[in-house]
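Colleague: turn this into a structure:
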Amino acid sequence: MSTHQGGSTETGTDAATLRSVRWSVLDRALVRAGQRPDEALRQTVAYARDADALGFHRFWVAEHHGVPGVAGSAPTVLAAAVASATRRVRVGTGGVMLPNHRPLVVAEQFGVLASLFPGRIDMGLGRSVGFVGPVRRALGADKDAADRFGEQIAELLGYFEGGGPVRALPAEGLRVPPFVLAVGSGAGIAAAHGLPVVMAYRNDEERMLAAVESYRRDFVPGPYAERPYVVIAVNAAVAATAEEAALLQVPEAWATVHSRTRGVFAPLEPADDILARDLTERERTYFAQARAGQLHGDEAGMERALARLISRTGADEVLVTLSTHSTADRLDSTRRIARLAGLAPAAHPAVAGA
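Modeller: Numbering: from 1, shown residues only. The predicted structure follows:
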């Protein structure tokens, strides 16, 4: 892992700050208007090949259940497809929601992944349960399941260590790096178990910084990490102008508004169509809230904004995500971030596949 220790950057340029950390990509396989879920999944795999070629360190996929506008419901299955279609980039989950699964099954799934793709698999773990009652019941996870997250992590990691009454094969004896998504008490659980933590950037920076500081203060070194390791996940868009970059984040923000006002996460629509609507006061409020935690700008502006984020948090790694209507615009933004980060493009040709 990197040796970036955090704190303010006293010397050097913003460019040097961006080059002091690792850069990775998260994709949630969101469906676009007029698109089938299978097409969204294939676009995720294609995007992973692009991220691999651009030199990003990791490519992670997420888990959502019962959400019509999201195709990514089985992250370990999708991770296998991504790993098969790429050659260098690490592949993982951001994350598997552990309360929805038995730790034994999760250990077996990652054991298979790590056996097929040695040295390339990450195990990102979250504590969220289904958002609505019918989904929770279908998953067999009640609202209180998240309270047992720490116990589940201990059980899961125990299967990799072996020695228990039940053997998780082929996971036993393998080293699959675990990461904890810090939702609620997740940062404290990560610190107690000596695990790297992933924190989402929010507009309430002071609260985020307090959580980072608490994690570092309470961190207990262990077999998976000798020191605290902080990954900051941020919704980031870069374009030729700040105005164009802001438009890239409109589709996902509107889908979030749609989910809060109508109970359905809508497929991603073109920004112009959304902005042409006459929004209600309630929709405008939710739209502003959805935009508040996003970073966007031209390359010069985003270089400053991202350097500031890294300096304030002391991040070891930045996990960028952008879900927009145009996959071409998303790729352009990703290329610009790779350029700002000084990433070295991969030397191998693109992998043919899904």
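Colleague: any weak-confidence spans in the protein?
Modeller: 1-12, 130-131, 184, 346-354 (pLDDT under 70).
Colleague: could you show me where the helices are in it, in order?
Modeller: Applying DSSP state H to the chain gives helices spanning 14-18, 37-54, 75-85, 103-116, 133-139, 149-161, 186-192, 205-218, 242-248, 250-262, 271-275, 281-292, 299-313, 327-341.
Colleague: which parts of the second one are buried?
Modeller: By neighbour count, with 16 or more other CB atoms under 10 Å as the criterion, the buried positions of helix 37-54 are 37, 40-54. From N, CA and C alone the C-beta is placed, and that goes for glycine too.
Colleague: residues in contact with that helix?
Modeller: 25, 27, 29-32, 59, 61, 71-72, 78, 81-82, 85-89, 91, 327, 330-331, 334-335, 338, 343, 345-346, 348, 350-351, 353-354 (CB atoms under 8 Å, 6 or more residues apart in numbering).
Colleague: among those residues, which ones are buried?
Modeller: 25, 27, 29-32, 59, 61, 71-72, 78, 81-82, 85-86, 89, 91, 330-331, 334-335, 338, 343, 346, 354.
Colleague: next up, the contacts around Arg282.
Modeller: Thr261.
Colleague: what is the end-to-end distance of stretch 162-172?
Modeller: With CA to CA, to the nearest Å applied, stretch 162-172 spans 5 Å between its terminal residues.
Colleague: return the set of buried residues in that stretch.
Modeller: Neighbour count says stretch 162-172 has 168, 170-172 buried, by 16+ other CB under 10 Å.
Colleague: between the residues you listed, which is nearest Val250?
Modeller: Here the nearest of the buried residues of stretch 162-172 to Val250, counting by CB to CB, is Ala171; it sits at 42.1 Å.
Colleague: any idea how far that closest one lies from Tyr224?
Modeller: 14 Å (CB to CB, to the nearest Å).
Colleague: same deal with Gln294?
Modeller: From Gln294 over to Tyr224 (counting by CB to CB), the distance is 31 Å.
Colleague: okay, those two: which has more neighbours?
Modeller: A side-by-side neighbour count of Gln294 and Tyr224, using other CB atoms under 10 Å, places Gln294 first with 21 against 17.
Colleague: contact partners for the more buried one?
Modeller: 235-237, 249, 253.
Colleague: among the residues you listed, name the buried ones.
Modeller: Looks like the contacts of Gln294 have 235-237, 249, 253 buried, using 16+ other CB under 10 Å.
Colleague: now those as TSV including distance to Gly158?
Modeller: TSV is the format used below for the buried ones among the contacts of Gln294 (distance: CB to CB, whole Å):
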residue	distance to Gly158
Asn235	35
Ala236	37
Ala237	41
Gln249	41
Ala253	41
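Colleague: so which of the residues you listed are in strands?
Modeller: 235-237 (DSSP state E).
Colleague: now render those residues as a markdown table, adding distance to His101.
Modeller: Below are those laid out as a markdown table (distance: CB to CB, whole Å):
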| residue | distance to His101 |
| --- | --- |
| Asn235 | 26 |
| Ala236 | 30 |
| Ala237 | 33 |
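Colleague: just the residues contacting stretch 252-271, thanks.
Modeller: Contacts for stretch 252-271 (CB under 8 Å, 6+ apart): 30-35, 67-70, 235, 247-248, 250-251, 274, 282-283, 286-287, 290-291, 294, 323-326.
Colleague: how long is that stretch from one end to the other?
Modeller: OK, stretch 252-271 end separation, CA to CA: 9 Å.
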